[in-house]
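K.L.:
Generate a structure from the sequence data that follows.
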Amino acid sequence: MAIEAARLSPSLAAFLGRGGPPLRRALPLLLPRRRLFIAAAAAGGDGRAVALPSSELRKRRGASSAAAAGEDEKLRSLRRLFARPDIAIDAYIVPSQDAHQSEFIAECFMRRAYLTGFTGSAGTAVVTKDKAALWTDGRYFLQAEKELSHDWTLMRSGNHGVPTTSEWLNEVLPSGCRVGIDPFLFSFDAAEELKDVISEKNHELVLIKNLNLVDEMWGESRPEPPKEQTRVHPIKFAGVDVPSKLAFVRSQLAENGCDAVVISLLDEVAWLLNMRGSDVPNSPVFYSYLIVEDTAATLFVDTNKVSEDVLEHLKKAGVKLKPYEAILSDVERLAENGAKLWLDSSSINAAIVNVFRSSCDRFVKKRGKTGRQIGKESSSGEPATRSSGVQNGTLNALYKVSPVTLAKAVKNEAEIEGMKSSHLRDAAALAEFWCWLEGEVRDSVPLTEVQVAEKLLEFRQKQDGFVDTSFDTISGYGANGAIIHYRPTSESCSSVGSDNLFLLDSGAQYIDGTTDITRTVHFGEPSPRQKECFTRVLQGHIALDQAVFPERTPGFVLDVLARSSLWKIGLDYRHGTGHGVGAALNVHEGPQSISYRYGNLTALQKGMIVSNEPGYYEDNSFGIRIENLLLVKEVNLPTSFGGVSYLGFEKLTFVPIQSKLIDLSLLSTSEINWINEYHEQVWEKVSPLLNGDSLDWLRKNTRPL
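P.N.:
Below you'll find the model as predicted:
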């Protein structure tokens, strides 16, 4: 699944004008200030990109102006709340995240989508008393143009001249205004960055702790919180038992001089406790927090979701249960007992950190002590110290990436085996699906993009261990394929035919693994332009797949391999090339990535899993993406310069790449050999799982070029 892989925490990424899943390391937060250019008309003569209201975009496309009548009622209701004496703000920011910085969230937390009408997974809405703007990245530009009403200005994050949310607030608000946020929905880093930047214009950041303004206006129509049961993730798939994982975390606490750590990312809680859930669409996680102390562990969760089996599983591991809402009182308890707390400030929400800091202050005043002088890590990696006593709890906390992050990303043998097995079953389902779809299109059976996605789900559901899709299937025919994260709906979608390219990006959650694969096909006769673009995307895919690199290499170093063939003719794509993938967990996982953005310095390590998904998208015409998942492995070379190990990739995905879209004249002999060898592997691994027409389809589509 194509995703911007900058690896910033989601809230922080939104402020800085970048999308993507959480960054699992500390980053410099302040970026160079950029001049603000906003216009309601065409770009200036100097060619600078500008942000345009959706009404202007529709006007340029010849859309009816009838939709532009009257202010949005939701905006009106939200602005009325600004004036309440207990709120008293001039602007309000609505991010996409829940309290755990999740990429995929339960419906009851989809506040930004409810307010704006924009349903993409990444974006931040900002509302002032007279303006409303939405920031999203290049994956969603076309979708946002279609879904936003005339009241909203679309901010194309990453384009030249487009400000960040904080820069925009500094420009449009008079000095000394109050900007409100729900502190549960922002990482501590994001909130601090926002506070620092808007203070340049004497604006105040207001943490509205007990009321989310969108929830207030949503009222009784807001969906109920999820109530599905949790389940135990079997040790044969997890590979390591819970006591061993907790022992590792406690060793990290001791090594860093901490008394406890708060784990707030849902996939980290699920991985650490060998549990899974169904609270979030496409991700087998459950809403919870976990505090691990040197002699105790406490899971904060809706206890109605915990069955007897799960309760026994947790009891054996020495994990206690408390209600989900009790997390703040336990953080207060730790602070008032003088505990030194490990907090991952890039992901833990600002509400928790601020409760801890204020409780630390009370502890110091009560005991008359100065506390231990431990603060945020300095750029050298050593803890920073201060000469005075505790202030806001900063000296009694270690702000550092979660100890679970890297441990989860480096898969153990059981997790790798589960990923390999689930990918083969998934490949069999896809072979059956593509065989069926080719036949339907050949027989001129009318099929919509939604119907195609639903049929793919049917084939996957037949496979052993199927749990759910790993994200909403991206089924895009023709121009819809150019919308990078397009999601068809029955009310508005195209039919799949033989006159244009069809892009299908899909994945599944199995009991033992998570899959993510994209294939682009043409059921008729592709144009020379389409074949050239496809072939250059394929060349980038092959180049990355064949990469060999020294250990300690961060993923951004490899990104150029996937783009260089496109660059040669002036083409590119607006998303990262690779993201991490969980083992029977989130389809997007940190800390590793392969992206053109160089902020993520996380080195690729043996046992990590990443996607390889270069693409090309021609607006209003077609889209191309080719995606496999790769396992990072050690490679044996004749020499080892500097005495370091060298790494490469092992393919996990085994589904044919359509030969008719390949322009052989552009390929080298080694690239042709790669395709033939890959298809030989596909045949050998997947053919034993098929029979009948689907076996014939696989044979036909894996023949040598």
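K.L.:
For the protein, give the strand that spans the most residues.
P.N.:
Longest strand of the chain, by residue count under DSSP state E: strand 628-635.
K.L.:
mind listing the helices in the stretch 501-650 of the chain by residue range?
P.N.:
528-545, 559-567 (DSSP state H, counting those that start in this stretch).
K.L.:
Take these and lay them out in CSV including mean neighbour count and mean pLDDT.
P.N.:
In short, each C-beta sits where N, CA and C put it, glycine included. Shown next, in CSV, are these (neighbours: other CB atoms under 10 Å; pLDDT from 0 to 100):
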stretch, mean neighbour count, mean pLDDT
helix 528-545, 21, 98
helix 559-567, 19, 98
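K.L.:
so which of those comes closest to Glu193?
P.N.:
Smallest distance to Glu193 across the helices of the stretch 501-650 of the chain (CB to CB): 25.1 Å, for helix 559-567.
K.L.:
Specify the angle between that closest one and helix 528-545 in degrees.
P.N.:
160 degrees (axes from the mean of the first three to the mean of the last three CA atoms, to 10 degrees).
K.L.:
hang on, the earlier thing: pipe the helices of the stretch 501-650 of the chain into TSV and attach distance to Leu661 per row.
P.N.:
Below are the helices of the stretch 501-650 of the chain laid out as TSV (distance: least, CB to CB, whole Å):
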stretch	distance to Leu661
helix 528-545	4
helix 559-567	15
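K.L.:
host element of His423?
P.N.:
helix 413-442 (DSSP states H and E).
K.L.:
Partner strands of the longest strand of the chain, with direction?
P.N.:
strand 609-612 (antiparallel), strand 646-651 (antiparallel) (DSSP bridges).
K.L.:
Convert the C-alpha atoms of the first one to CSV, please.
P.N.:
What follows is strand 609-612 as a C-alpha-only set of coordinates in CSV (Å, rounded to 0.1, in the frame of the first residue of the first chain):
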residue,chain,number,x,y,z
ILE,A,609,10.1,-6.4,6.6
VAL,A,610,9.6,-3.6,4.1
SER,A,611,7.5,-2.9,1.0
ASN,A,612,9.0,-2.3,-2.4
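K.L.:
thinking again about what came up before, would you reformat the strands paired with strand 628-635 as JSON lines and include mean neighbour count, distance to Phe622 and mean pLDDT?
P.N.:
Below are the strands paired with strand 628-635 laid out as JSON lines (neighbours: other CB atoms under 10 Å; distance: least, CB to CB, whole Å; pLDDT from 0 to 100):
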{"stretch": "strand 609-612", "mean neighbour count": "27", "distance to Phe622": "21", "mean pLDDT": "98"}
{"stretch": "strand 646-651", "mean neighbour count": "18", "distance to Phe622": "26", "mean pLDDT": "98"}
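K.L.:
what about the strands in the stretch 201-350 of the chain?
P.N.:
Applying DSSP state E, counting those that start in this stretch to the stretch 201-350 of the chain gives strands spanning 204-207, 231-232, 260-263, 275-276, 288-293, 297-301, 319-322, 341-343.
K.L.:
Adjacent strands (with direction) for the second one?
P.N.:
Read it as strand 231-232. When DSSP bridges is applied, strand 231-232 pairs with strand 275-276 (antiparallel).
K.L.:
contacts for the partner strand?
P.N.:
With CB atoms under 8 Å, 6 or more residues apart in numbering as the test, strand 275-276 has contacts from Thr230, Arg231, Val232, His233, Val269, Ala270, Pro284, Val285, Phe286, Val310, His313, Ala584.
K.L.:
which intervals of this protein have sub-threshold pLDDT?
P.N.:
3-71, 367-395 (pLDDT under 70).
K.L.:
The nearest residue to Phe433 once chain neighbours are set aside in helix, strand or coil?
P.N.:
Nearest residue to Phe433 in three dimensions, chain neighbours excluded: Phe459, at 4.6 Å (CB to CB, 6 or more residues apart in numbering). State at Phe459, reduced to three classes by DSSP: H, G, I helix; E, B strand; the rest coil: helix.
K.L.:
Quick check: Phe459 touching Trp434?
P.N.:
No - checked against CB atoms under 8 Å, the pair Phe459 and Trp434 is beyond contact range at 9.5 Å.
K.L.:
From the chain's centroid, how far away is the helix or strand containing Leu406?
P.N.:
Assigned by DSSP H and E, Leu406 belongs to helix 403-409. Helix 403-409 sits 16 Å away from the centroid of its parent chain (CA atoms, centre = their mean, to the nearest Å).
K.L.:
If you count contacts, what does it end up packed against?
P.N.:
If contacts are counted by 3 or more CB pairs under 8 Å, 6 or more residues apart in numbering; DSSP states H and E, helix 403-409 sits against helix 242-255, helix 266-273, strand 589-594.
K.L.:
returning to what we had before: tilt between the helix holding His423 and strand 646-651?
P.N.:
If you take the same axes, to 10 degrees, helix 413-442 sits at 40 degrees to strand 646-651.
K.L.:
Same question for helix 413-442: list its buried residues.
P.N.:
414-438, 440-441 (16 or more other CB atoms under 10 Å).
K.L.:
helices or strands up against it?
P.N.:
Packed against helix 413-442, as judged by 3+ CB pairs under 8 Å, 6+ apart, are the following elements: helix 235-238, helix 449-461, strand 508-510, strand 513-514, strand 517-522, strand 628-635, helix 669-686, helix 692-701.
K.L.:
Need the winner for burial among these.
P.N.:
Mean neighbour counts were compared across these using mean count of other CB atoms under 10 Å; the top stretch is strand 513-514, at a mean of 30.
K.L.:
Would you mind listing the outside residues contacting it?
P.N.:
Contacts for strand 513-514 (CB under 8 Å, 6+ apart): 415, 418-423, 470, 507-508, 581-587.
K.L.:
try 10 Å
P.N.:
With CB atoms under 10 Å, 6 or more residues apart in numbering as the contact definition, strand 513-514 has outside contacts at 237, 282-284, 411, 415-426, 465, 467, 470-471, 507-508, 581-589, 609, 629, 652.
K.L.:
just checking, Ala508 touches Asp426?
P.N.:
Yes - with contact defined as CB atoms under 10 Å, Ala508 reaches Asp426; the gap is 5.6 Å.
K.L.:
Need the overlap of contacts for these two.
P.N.:
Contacts common to Ala508 and Asp426, judged by CB under 10 Å, 6+ apart, are Arg460, Gln463, Phe466, Ser470, Thr514, Thr515, Asp516, Ile517.
K.L.:
which ones are touching the nearest residue to His575 once chain neighbours are set aside?
P.N.:
Counting by CB to CB, 6+ apart, His575 lies nearest to Ala2, which is 4.5 Å off, once chain neighbours are set aside. Going by CB under 10 Å, 6+ apart, Ala2 touches 138-139, 474, 484-485, 503, 505, 516, 518, 573-577, 579, 611, 613-615, 617, 623, 625, 627.
K.L.:
returning to that earlier point: possible to save the strands of the stretch 201-350 of the chain as CSV with distance to Leu637?
P.N.:
Below are the strands of the stretch 201-350 of the chain laid out as CSV (distance: least, CB to CB, whole Å):
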stretch, distance to Leu637
strand 204-207, 52
strand 231-232, 42
strand 260-263, 39
strand 275-276, 39
strand 288-293, 40
strand 297-301, 43
strand 319-322, 45
strand 341-343, 39
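K.L.:
can you redo those as TSV with distance to Lys531 and mean neighbour count?
P.N.:
As requested, the strands of the stretch 201-350 of the chain are arranged in TSV below (distance: least, CB to CB, whole Å; neighbours: other CB atoms under 10 Å):
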stretch	distance to Lys531	mean neighbour count
strand 204-207	53	18
strand 231-232	47	18
strand 260-263	49	24
strand 275-276	43	25
strand 288-293	49	24
strand 297-301	52	23
strand 319-322	56	16
strand 341-343	52	25
